[in-house]
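Novice: coordinates for the following, if possible.
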Amino acid sequence: MKPAMLDSFNEVRERNIISIKEAKEQGVKVIGKYCTYLPRELVLAAGAIPVSLCSTREEPIAAAEEVLPRNLCPLIKSSYGYAATDKCPYFHFCDLVMAETTCDGKKKMYEIMQAIKPVHVMQLPQTQQGEAALTMWHEEVLKAKRVIEDLCGVEVTTDALRQAIRLVNEENRALQALFDLNRAKPALISGMDLVKISSQISFHADRWQAVAMLDSLVSEIRDLAAQGYRVGEESSPRVLVTGTPVGIGSEKVVALAEQCGAVVVAMELCNAYKPVFLHIDEEDRRDPLLLLAEKYLHIPCSVMTPNAGRMDLLESLICDFRIDAVIDLTWQACHTYNVESFLVEELVKDKLGLPFLHVETDYSSADLEGLRVRIEALLEMV
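Specialist: I've put the predicted structure just below:
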């Protein structure tokens, strides 16, 4: 009785390569991104296609290590390796990469990537507090708008921005509705399916069609739930995964947790729940660029100092999703998430009294059995 709509997400990435190629042939510009800090509304308002770029598999890392340090974050190495080997079709077709200074490793990698593809780097403030941070980020959003206008040969109008704001609001609403299915107990969708859907949908060229796919899946699962459909059992440990991004090819921690009998019911990640709760009030008549700056500046990424928003979001998710244990995932050499794990552990163990596991790993399978033992031990505490 597994939802039939799940199968429609299996080949989104591959199918949309053809759509993007056809759009390129018609003169439509394609803008690639690695991070949620890029205001997608700017790209959509210019009539361009925003696409996520490949960065979650181990295969291209060896090529990246011919240029980049071996002890660098695997996400950064995978991103560059795909670019250097031209094995990411979305990178191949994109006209511009919109990047950001979320971490030292990425911003230095972008300097090297500029030899392969044009890159515009948005200078991100390292704090969300104070008028100066918002002023700086507002200016960076304005600069990004100008770069996109020059690339596309159009003027991004206020009306176009407001239409794009509505589209992204709808996309976030649809994603949040999907994630919120697991407020139910037993759960209604597995963590592995959440990884697949959130990863695949980010490659969709038609964002309204992506919203329709998500809405159809959520509707089908709700109908099945009324007939008794569920994932796991009432007694299955409910795990929240927080930390660095997870995608197809880098989902080993989610997979192991579910192989050990848990259900990963929520993920506080920057390609999962972290950005989707941020919405722009469509009735707010202020400058849309300012509204975009305010929204994206409040993404609770670990690069922000302080980052109380992440702790607030985590506590809310832990309560709302009735979490039994938390796994904090840090990719190797991601220093901000690694350091911030201390604060996450304080929240989870000391304040909320829940089992907690911090995992530092990379994309390889070398440590699978060691991770399995640690996750099994965590679940025994539930």
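Novice: which element, helix or strand, includes Thr242?
Specialist: Secondary-structure assignment from DSSP states H and E places Thr242 in strand 238-243.
Novice: which strands and helices sit next to that strand?
Specialist: Applying 3 or more Cβ pairs under 8 Å, 6 or more residues apart in numbering; DSSP states H and E, we find strand 238-243 packed against helix 252-259, strand 263-268, helix 308-320, strand 325-331, helix 335-345. C-betas here are computed from N, CA, C, even on glycine.
Novice: hey, C-alpha coordinates of that strand in PDB?
Specialist: The C-alpha trace of strand 238-243 is given here as PDB (Å, rounded to 0.1, in the frame of the first residue of the first chain):
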ATOM      1  CA  ARG A 238      11.400   8.500  16.300                       C
ATOM      2  CA  VAL A 239      14.700  10.100  15.400                       C
ATOM      3  CA  LEU A 240      15.500  13.600  14.300                       C
ATOM      4  CA  VAL A 241      18.600  14.200  12.200                       C
ATOM      5  CA  THR A 242      20.200  17.700  12.400                       C
ATOM      6  CA  GLY A 243      23.400  19.200  11.100                       C
END
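Novice: partners of it in the sheet?
Specialist: Next to strand 238-243 in the sheet, as set by DSSP bridges, lie strand 263-268 (parallel), strand 325-331 (parallel).
Novice: which residues are in contact with the longest one?
Specialist: What it means is strand 325-331. 73-75, 237-244, 246, 253, 257, 262, 314, 318, 337-338, 341, 344-345, 348, 354-363, 375, 378-379, 381-382 (Cβ atoms under 8 Å, 6 or more residues apart in numbering).
Novice: can you name every helix or strand that the helix or strand of the chain with the lowest mean pLDDT contacts?
Specialist: One helix or strand of the chain scores below all others by mean pLDDT, DSSP states H and E: helix 12-25, with a mean of 91. Helices and strands touching helix 12-25, by 3+ Cβ pairs under 8 Å, 6+ apart, are strand 30-33, strand 49-52, helix 89-93, helix 191-201.
Novice: format these as a markdown table; extra columns: distance to Leu291 and mean pLDDT.
Specialist: Formatted as a markdown table, the helices and strands packed on helix 12-25 follow (distance: least, Cβ to Cβ, whole Å; pLDDT from 0 to 100):
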| stretch | distance to Leu291 | mean pLDDT |
| --- | --- | --- |
| strand 30-33 | 19 | 98 |
| strand 49-52 | 18 | 96 |
| helix 89-93 | 28 | 97 |
| helix 191-201 | 24 | 96 |
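Novice: any stretches of this protein with poor pLDDT?
Specialist: Nowhere does the chain drop to pLDDT under 70.
Novice: swap the cut-off to 90 and go again
Specialist: Residue ranges of the chain with pLDDT under 90: 1-2, 10-15, 277.
Novice: buried deepest among the strands paired with strand 238-243, which one?
Specialist: Neighbour counts (mean count of other Cβ atoms under 10 Å) averaged over each of the strands paired with strand 238-243 peak at strand 263-268, with a mean of 27.
Novice: residues touching that one, excluding its own?
Specialist: 179, 182, 186-187, 190-192, 194-195, 231-232, 236-243, 246, 254, 257-258, 273-274, 310, 313-314, 317, 321, 323.
Novice: buried among those residues? Need that as a selection in PyMOL.
Specialist: Under the burial definition 16 or more other Cβ atoms under 10 Å, those of those that qualify are selected in PyMOL by:
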select buried, resi 179+182+186+187+190+191+192+194+195+231+232+236+237+238+239+240+241+242+243+246+254+257+258+273+274+310+313+314+317+321+323
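Novice: then stretch 29-42 to CSV, C-alphas only?
Specialist: Taking C-alpha atoms only, stretch 29-42 is exported to CSV below (Å, rounded to 0.1, in the frame of the first residue of the first chain):
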residue,chain,number,x,y,z
LYS,A,29,19.1,31.2,-18.8
VAL,A,30,19.9,28.6,-16.1
ILE,A,31,21.3,29.7,-12.8
GLY,A,32,22.9,27.1,-10.5
LYS,A,33,23.0,27.2,-6.7
TYR,A,34,24.6,25.2,-3.9
CYS,A,35,23.0,26.9,-0.9
THR,A,36,19.6,28.0,0.4
TYR,A,37,20.9,31.5,0.9
LEU,A,38,20.4,32.3,-2.8
PRO,A,39,17.1,34.2,-3.1
ARG,A,40,15.5,31.9,-5.8
GLU,A,41,12.8,34.6,-6.2
LEU,A,42,15.3,36.8,-8.1
